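Requesting a structural model of the entry that follows:
(one chain, ligands or ions: 1)
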Amino acid sequence: MIKVPKQQFAKCDVIYTEQVGYRLGKENFLNLRSDRVVARFKHAIFIYNANAGQKDISRTLRICVPILSSAIDELLLLKTDRPGHAQLLCSEYGEHTDLVVILGGDGTVHECVNGLASLAKRPAIAILPGGTCNDISRTLNMPQDIRQAAETVVSGKLVPLDAMDINGHCALNFWGVGLVTEVSNNIKDSEKALLGKVSYYLSAIRTMREMEPFSYTVQCDGKLYEGEAVMVLAANGRYIGTNELPFRNIHADDGKANVFIIKNTNLALMKEVFTLDITLEEDSASEVLHCSGSEIVIQTESKMEADMDGEVYLETPAHIRVLKHHFFAIVPSSGSLG
Ligand SMILES: Nc1ncnc2c1ncn2[C@@H]1O[C@H](COP(=O)(O)OP(=O)(O)OP(=O)(O)O)[C@@H](O)[C@H]1O
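Numbers count the residues shown, from 1 in each chain. Sure thing, here's the model as predicted:
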């Protein structure tokens with residue numbers, strides 16, 4: 001690891017950032033302040049999922065490609081042609097590019113980071129909200145308007161972003177069991193195509209009526225929690241189903257995941273949890289337990305399906321390791337991650 005005093009950046013050919021060994025040529029830097037690296041990229045790949053969200057993909061491309069190509073010397077457009085394709089594209093092209101721009105929803109971003117996470121040299125990532133919920137782009141404070149988001153990619157700054165390694169898979173936003181998984185599973189494709197994010201609320205209401213509590217144990221940095229719950233959630237990001245989690249101190253760059261254990265499906269409580277600005281203390285005796293840590297093991301009495309970033313393909317038990325500053329991501333130049 002080479003540390004370079006800021007005033008010497010202009011003299012360097014190559015800069016290695018401390019956290020991930022991410023390599024940038026000096027020509028990539030337009031501006032550098034204490035908390036701020038604004039990059040100009042020579043080469044980027046643009047991965048888009050035309051199957052995400054409800055938007056007109058041709059129109060979206062007509063808006064954002066000219067904006068991106070005005071600031072990126074070589075921009076390679078890659079369209080996903082099937083589930084899993086974004087991951088393959090990222091593992092194939094990731095080490096040979098400076099930036100991956102992702103146009104899609106959380107499922108597409110999830111695939112991309114799984115393709116990038118184990119690369120020795122990881123490119124920076126930028127997320128354009130092209131899906132239904134776009135929770136990861138919300139955590140990055142990216143504008144939800146596609147033109148403004150594309151403009152942010154070329155005018156924004158790079159910040160370090162944590163990821164979660166869960167049983168060898170990578171998630172940026174959350175891992176969860178119980179209610180959150182059932183809500184994902186109960187979304188009807190016909191409703192999602194027609195109603196977009198409203199389909200999540202309809203599914204949540206359908207699911208809450210039927211949800212039975214389950215037995216869990218959570219070890220969070222060595223501290224044990226156990227009991228019955230309807231949902232256990234480990235969050236790196238701040239949004240789920242477009243709703244901002246009402247807990248302060250959730251930062252996607254602090255090396256920690258926040259674990260929330262929700263004990264029952266009282267509708268009023270869920271409304272409170274997802275709409276009000278409340279702060280929960282560790283070991284709170286309320287209906288929601290909260291703890292945070294970097295090494296978390298979650299077990300359930302019998303195997304349960306788990307949801308990661310909206311995708312359901314793993315089961316409990318889950319061993320979660322927070323990978324501090326594993327990625328660099330573009331955020332608006334005036335923003336931060338918390
Ligand atoms: N060409 C394709 N045809 C069919 N499915 C695809 C294709 N490319 C990608 N996919 C799949 O599309 C799914 C949905 O994408 P994504 O999750 O990004 O959008 P979304 O569900 O609308 O948004 P969000 O997850 O933010 O609510 C992903 O699981 C991905 O695997």
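
Low-confidence regions, the stretch 51-200 of the chain specifically.
186-200 (pLDDT under 70).

those helices in it, which residues are they?
57-69, 85-93, 106-116, 135-139, 146-155, 179-186, 189-195, 198-210 (DSSP state H, counting those that start in this stretch).

For Lys263, which of those helices is the nearest?
Comparison of these against Lys263 by C-beta to C-beta identifies helix 179-186 as nearest, at 11.2 Å. Every residue, glycine included, has its C-beta placed from N, CA and C.

So which bits of this protein are right by the ligand?
49, 51-53, 80-83, 85, 104-108, 111, 131-134, 310 (C-beta under 6 Å from any ligand atom).

which of the residues you listed count as buried?
With neighbours counted by 16 or more other C-beta atoms under 10 Å, the residues of the chain next to the ligand contain buried members at 49, 51-53, 80, 85, 104-108, 111, 131-134, 310.

just the strands in the stretch 151-300 of the chain please.
Listed in chain order, the strands of the stretch 151-300 of the chain (DSSP state E, counting those that start in this stretch) span 157-166, 169-171, 174-178, 214-220, 223-229, 231-235, 239-240, 243-244, 257-262, 288-293, 295-300.

Can I get those in JSON lines including mean neighbour count and distance to Thr97?
Shown next, in JSON lines, are the strands of the stretch 151-300 of the chain (neighbours: other C-beta atoms under 10 Å; distance: least, C-beta to C-beta, whole Å):
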{"stretch": "strand 157-166", "mean neighbour count": "22", "distance to Thr97": "15"}
{"stretch": "strand 169-171", "mean neighbour count": "24", "distance to Thr97": "18"}
{"stretch": "strand 174-178", "mean neighbour count": "27", "distance to Thr97": "27"}
{"stretch": "strand 214-220", "mean neighbour count": "19", "distance to Thr97": "36"}
{"stretch": "strand 223-229", "mean neighbour count": "14", "distance to Thr97": "41"}
{"stretch": "strand 231-235", "mean neighbour count": "26", "distance to Thr97": "29"}
{"stretch": "strand 239-240", "mean neighbour count": "22", "distance to Thr97": "27"}
{"stretch": "strand 243-244", "mean neighbour count": "16", "distance to Thr97": "32"}
{"stretch": "strand 257-262", "mean neighbour count": "24", "distance to Thr97": "28"}
{"stretch": "strand 288-293", "mean neighbour count": "21", "distance to Thr97": "33"}
{"stretch": "strand 295-300", "mean neighbour count": "20", "distance to Thr97": "32"}
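
How about Ile296: what's its closest non-neighbour residue?
Ile320 (4.2 Å; C-beta to C-beta, 6 or more residues apart in numbering).

If that neighbour is in a bridge, with which residues?
Ile166, Ile296 (DSSP bridges).

Next, give phi and psi for Thr84.
Heads up, residue 84 is Gly, not Thr. Main-chain torsions, Gly84, degrees, to the nearest 10: phi 90, psi -10.

Hmm, I typed the wrong one, I wanted Lys263.
Dihedral angles of Lys263 (phi, psi; degrees, to the nearest 10) stand at phi -80, psi -30.

Give me the neighbour count for the closest residue in space to it that isn't next to it in sequence.
Computed as C-beta to C-beta, 6+ apart, the closest residue to Lys263 that is not its neighbour in sequence is Glu287, at 4.8 Å. For Glu287, the neighbour count with other C-beta atoms under 10 Å is 17.

Would you enumerate the residues in contact with the residue in the stretch 201-338 of the chain positioned nearest to the ligand?
At 4.4 Å from the ligand, Gly310 is the closest residue in the stretch 201-338 of the chain, using C-beta to the nearest ligand atom. Neighbouring residues of Gly310 by C-beta atoms under 8 Å, 6 or more residues apart in numbering: Gly105, Asp106, Gly107, His110, Cys133, Asp135, Asn173, Ser184.

Skipping adjacent residues, who's closest to it in space?
Counting by C-beta to C-beta, 6+ apart, Asp106 is the residue found nearest to Gly310 once chain neighbours are left out, at 4.7 Å.

was I right about the residue nearest to Ile296 contacting Glu295?
Yes: contact criterion C-beta atoms under 8 Å: Ile320 and Glu295 qualify, at 7.4 Å.

Select, out of the helices of the stretch 51-200 of the chain, the one closest to Gly241.
helix 198-210 (4.4 Å).

what about the nearest residue to Asp98 once chain neighbours are set aside, how many neighbours?
The shortest distance from Asp98 to any non-neighbouring residue, by C-beta to C-beta, 6+ apart, is to Phe41 (4.4 Å). Neighbours of Phe41 under the rule other C-beta under 10 Å: 25.

and Phe41, what pLDDT?
Note for Phe41: predicted pLDDT of 88.

dump the residue contacts of it.
By C-beta under 8 Å, 6+ apart, Phe41 lies in contact with Asn28, Ala71, Ile72, Asp73, Asp98, Leu99, Ala124.

Quick check: which element contains it?
Assigned by DSSP states H and E, Phe41 falls within no helix or strand.

Please apply the same query to the one 5 residues further on.
Phe46 belongs to strand 43-48 when assigned by DSSP H and E.

Walk me through the domains of the protein.
Taking automatic domain parsing as the reference, the chain has its domains at 6-165+327-331, 170-322.

Using JSON lines, please lay out those domains together with distance to Leu337.
Below are the domains of the chain laid out as JSON lines (distance: least, C-beta to C-beta, whole Å):
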{"stretch": "domain 6-165+327-331", "distance to Leu337": "6"}
{"stretch": "domain 170-322", "distance to Leu337": "5"}
